[in-house]
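> Sequence plus predicted model, see below.
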Amino acid sequence: MTRPPTETGTSDPYLEVEGLVKRYGWKTALAGVSFAVYPGECFLVLGPNGAGKSTLLRLLAGVVRPSAGRIAWFGRDAMPVPLDVRARLGVVMHRTMLDPELSVQENLHYFARLYRVSEAASRIREVVVLLGIEERLHERVRQLSRGYQQRVALARALLHRPSVLLLDEPDTGLDQASRRRLVALVREHCAHGGAVIMTTHAQELGIEVATKAVYLERGRVLWSARDAGELREALAGSASLVAV
Amino acid sequence: MTVRQRGVDWLAVLGGASFVLVALSVAMIFVYAPADATQGDVQRLFYLHLPAAWLAYLSFFIIFVSSIAYLLRGRPLWDRLARSAAELGFIFTTLVLLTGSIWGRPIWGTWWTWDARLTTTLILWFIYLGYFLLRSYVSDPERGARYAAVLGIVGFVDIPIIHMSVRWWRTLHPQPIVVRSEGPAMPTEMLVTMLVTLVAFCVLYVFLLWVKYRIETARDEVLALRAAVEG
Amino acid sequence: MLSQLWAIVQRDLLSEWRAREVVIGMLVMALLTLLVFNFAFDLTGAQRVASGSGAFWVAVVFATLLGFGRATALERQEGAWEGLLLSPVERPVIFLAKLVSMLSFVVVVEAVALVVMAVLFGLPVFRSGVLVVLALGTLGLCTLGTLFSVMTAQAKAREVLLPALLFPLAIPVVISAVRGTVLELSGFSAEAAPWKSLLGGFVVLFFSLSLVTFGAVAEE
């Protein structure tokens, strides 16, 4: 298996993954992936469609069980992912996970209650301002554009002040202003000792925020980068490969 | 896992034993056991019917136990055992229903009657069917195994209740006139034949379960290999 | 825990109140079943207690199946179900919340069906005994339904799979509910007692079993 780019970090890792495998019958979505994510890191998961990026995030979030391997969150074995770990993860998936019939406010309020967010009203106001969705707070999610829904999904993920953000293509449908907001948000989160694990197809966005990266193909780590510089080089290399 | 084992090949021994025992019981059914005084030769079906019924329900018990073990431990061997028992159980349940119908036609004058035991067995057959549908319609086999385990537990617990409700329902309804041959005790020859057949079927069952289990193991290995090559 | 449960139920009800995609479908299904049964059996004649109870329960079972199918499909469309699974909510609480939501949908449908039974077929349905049978039967049906609808939600051919799993296992509920209703409607409350205890036992048993096994099922 591929060894992860080991970090001589001062603190314990938030997440350790070892030999993670997910099979669907004879189809292998993930074929033994190992890495660790430390506080303050933005861990980028790159790769073509069907490489296993989403599967990886779903395994980490605890919606799907691994076929083999080990996941440890915050220094503890997390299979299945325990509730107190779930409470520390903020997740954005392909689908928004919002109820389309409820307004933005109602959706956020609902999740605030599920996550037992203290002083929900003021926290909802905070994330709403953070993502700039305050003017459409009382509209139903159904009536919002995809990009706008994505911002609500991001607000939802931040609501309970998670330590780690799991973002599966969080830039989907976002306009330039919102993307900048996303970049700022991710940097801010890492600067405050949080960690971000993120997939994206937008390489510029990835380069802007990533501190570490892996490139998946057919469920395996093809290459990994230990810092933004390496990532830039690797991406330039693969870009030229693609160009040839 | 290697198919060839060192020392005695117990599977072959078991296979041989079940062949001999089944042959013996067939001979006993047709030669040794006397024709029934009231039912005639049709009664000989009973020697097949009873062990089949017993194995149909035993299979579900095996599914029940291995389902619990699978949910607690998560080891694939329990799932394989449940899968193997389910297929055998389905075959034997079908056999019970068929022999019951064939026997019921001359004796009860009808192919089918909503007798409590018969009805429960029919429902059991449908539960087995649902069990296979569930496994084949859930795309992820690991998830399918977990779901099937839940169905195996819930279904097994439900069977006595189904039987009870059907029985109450029958007794509160006009029942078809059924000649129940509880009468005189079974002749010794019949009893011996019955016991030998029962033993023969049980040995055969263990043999079949073992073979089926190996097939399921091989199937999982093939899947894993295919995953390694193509995945 | 209770606040989480209530939050989920509230969301389900509010969402349904606005979309009305589940209950309306269930209602139409139930009423049409009663209508068709009226043509198949004479629901106003001498046999109306027996056929009426049967028709009523068939209508309820069909409507419930339809409701479960629709509700689970809707919840998965935008990933709301995934959002629920991700959240730090005990799995039994999720089960309970889903059960309560579905129960409230079914109760609405049953209320309308009961009125129809009373008005069109002249059956004395609003008796405490009948309502007890109704409550227990509905609870039993929805308990199994909640468990199996979660298992079938992601499967191929889920419209086939859910009935194929639910019908055989729910047979004790259907039998006891129909017999109990017939006896209660005819005024034989004492004779209905064993059916009610059977229903009660069924509910207790499968309710606890579902709570225990739901964790193994609640996953994508």
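Looks like it arrived, so ask away.

> residue contacts, B:V96?
For B:V96, the residues meeting the contact criterion (Cβ atoms under 8 Å, 6 or more residues apart in numbering or on different chains) are B:H49, B:A52, B:A53, B:A56, B:T121. For every residue, glycine as well, the C-beta is placed using N, CA and C.

> number of nearby residues for C:V150?
C:V150 has 23 neighbouring residues, counting by other Cβ atoms under 10 Å in any protein chain shown.

> just checking, what packs against the strand or helix carrying B:P160?
Per DSSP states H and E: B:P160 is located in helix B:141-171. In terms of contacts (3 or more Cβ pairs under 8 Å, 6 or more residues apart in numbering or on different chains; DSSP states H and E), helix B:141-171 is packed against helix B:46-73, helix B:76-108, helix B:116-137, helix C:128-152, helix C:158-169, helix C:171-185, helix C:189-217.

> Mind putting the contacts of B:V96 into CSV with distance to A:I197?
Shown next, in CSV, are the contacts of B:V96 (distance: Cβ to Cβ, whole Å):
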residue, distance to A:I197
B:H49, 61
B:A52, 56
B:A53, 56
B:A56, 51
B:T121, 53
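
> Any buried residues in the helix holding B:P160, and which?
Applying a neighbour-count criterion of 16 or more other Cβ atoms under 10 Å in any protein chain shown, one finds B:141-156, B:158-159, B:161-166, B:168-170 buried in helix B:141-171.

> in what helix or strand does the residue of chain C most remote from its centre lie?
Residue farthest from the centre of chain C, counting by Cα atoms, centre = their mean, is C:A46 at 28.5 Å. For C:A46, there is no host helix or strand (DSSP H and E).

> Okay, it and C:F188: tell me how far apart.
From C:A46 across to C:F188, the span is 17 Å (Cβ to Cβ, to the nearest Å).

> Over to B:V154?
From B:V154 to C:F188 the distance is 32 Å (Cβ to Cβ).

> again, but for B:G16
Taken as Cβ to Cβ, the span from B:G16 to C:F188 is 61 Å.

> Can you find the residue of chain A that comes nearest to chain B?
Using Cβ to the nearest Cβ, A:T28 is the residue of chain A that sits closest to chain B, at 2.8 Å.

> quick one: secondary structure of that residue?
Under DSSP: H, G, I helix; E, B strand; the rest coil, A:T28 falls in the strand class.

> Could you list everything it pairs with in the sheet?
A:T28 forms beta bridges with A:R23, as assigned by DSSP bridges.

> and it, what does it touch?
Contact analysis of A:T28 by Cβ under 8 Å, 6+ apart lists A:V21, A:K22, A:R218, A:G219, B:A227, B:A228, B:G231.

> Where does pLDDT dip in chain C?
Counting by pLDDT under 70, chain C shows low-confidence ranges at C:220.

> again, only this time at 90
Scanning chain C for pLDDT under 90 picks out the ranges C:1-2, C:37-52, C:77, C:117-127, C:153-159, C:186-191, C:215-216, C:218-220.

> Flag every residue of chain B that's near chain A.
B:S139, B:D140, B:P141, B:E142, B:L223, B:A224, B:R226, B:A227, B:A228, B:E230, B:G231 (Cβ under 8 Å from any Cβ of the partner chain).

> Show me what the host helix or strand of A:E106 is in contact with.
For A:E106, the host element (DSSP H and E) is helix A:104-114. The contact list for helix A:104-114, computed with Cβ under 8 Å, 6+ apart, reads A:98-99, A:102, A:120, A:123-124, A:127-128, A:133, A:136-139, A:141, A:144, A:152, A:155-156, A:159-160, C:3-4, C:7-8, C:10-11, C:14, C:83-84, C:87-89.

> okay, how far is it across stretch A:59-74, tip to tip?
Distance across stretch A:59-74, first residue to last, is 15 Å (Cα to Cα, to the nearest Å).

> so does it get close to chain B?
Yes: with Cβ under 8 Å from any Cβ as the criterion, chain B is reached by stretch A:59-74 at A:R65, A:S67.

> Any buried residues in that stretch, and which?
Buried-residue list, stretch A:59-74, by 16+ other Cβ under 10 Å: A:59-67, A:69, A:71-74.

> any idea which of these is the one closest to A:G229?
The nearest member of the buried residues of stretch A:59-74 to A:G229, counting by Cβ to Cβ, is A:L60 at 26.0 Å.

> would that closest one count as being in a strand?
No: with three-state DSSP as the criterion, A:L60 is helix rather than part of a strand.

> Mind telling me what element the nearest residue to it once chain neighbours are set aside is part of?
The shortest distance from A:L60 to any non-neighbouring residue, by Cβ to Cβ, 6 or more residues apart in numbering or on different chains, is to A:L166 (5.9 Å). Per DSSP H and E, A:L166 falls inside strand A:164-168.

> Just the buried ones from the contacts of helix A:104-114?
A:98-99, A:102, A:120, A:123-124, A:127-128, A:133, A:136, A:141, A:144, A:152, A:155-156, A:159-160, C:4, C:7-8, C:10-11, C:14, C:83-84, C:87-89.

> Do stretch A:211-226 and chain B come into contact?
Yes: Stretch A:211-226 reaches chain B (Cβ under 8 Å from any Cβ) through A:R218, A:G219.

> Which positions in chain C make contact with chain B?
Going by Cβ under 8 Å from any Cβ, the residues of chain C near chain B are C:144, C:147, C:151-152, C:154-158, C:160-161, C:164-165, C:167-169, C:171-172, C:175-176, C:179, C:194-195, C:198, C:201-202, C:205-206, C:209-210, C:213, C:216-217, C:219.

> hmm, which of the residues you listed are the buried ones?
Among the residues of chain C next to chain B, the ones that count as buried by 16+ other Cβ under 10 Å are C:144, C:147, C:151-152, C:154-155, C:158, C:161, C:164-165, C:167-169, C:171-172, C:175-176, C:179, C:194-195, C:198, C:201-202, C:205-206, C:209-210, C:213, C:216-217, C:219.

> so which of those also contact chain A?
Counting by Cβ under 8 Å from any Cβ, the members of these near chain A are C:E219.

> quick revisit: helices - which of the contacts of helix A:104-114 land there?
A:120, A:123-124, A:127-128, A:152, A:155-156, C:3-4, C:7-8, C:10-11, C:14, C:83-84 (DSSP state H).

> ok, and the closest non-adjacent residue to residue 134?
Using chain A here. Per Cβ to Cβ, 6+ apart, closest to A:E134 is A:V128, 4.9 Å.

> Wait, chain C was what I had in mind.
C:E110 (6.4 Å).

> ok so, going back, the residue nearest to A:E134 and A:R156 touch, don't they?
No: with contact defined as Cβ atoms under 8 Å, A:V128 does not reach A:R156; the gap is 10.7 Å.

> which parts of chain A sit against chain B?
A:R23, A:Y24, A:G25, A:W26, A:K27, A:T28, A:A31, A:R65, A:S67, A:R218, A:G219.

> quick one: the second one from B:E216, how far?
Between A:Y24 and B:E216 the computed distance is 18 Å (Cβ to Cβ).

> Then the last one?
As judged by Cβ to Cβ, A:G219 and B:E216 stand 25 Å apart.

> These two: which has the busier surroundings?
Set A:G219 next to B:E216 and count neighbours by other Cβ under 10 Å: A:G219 wins out with 25 against 19.
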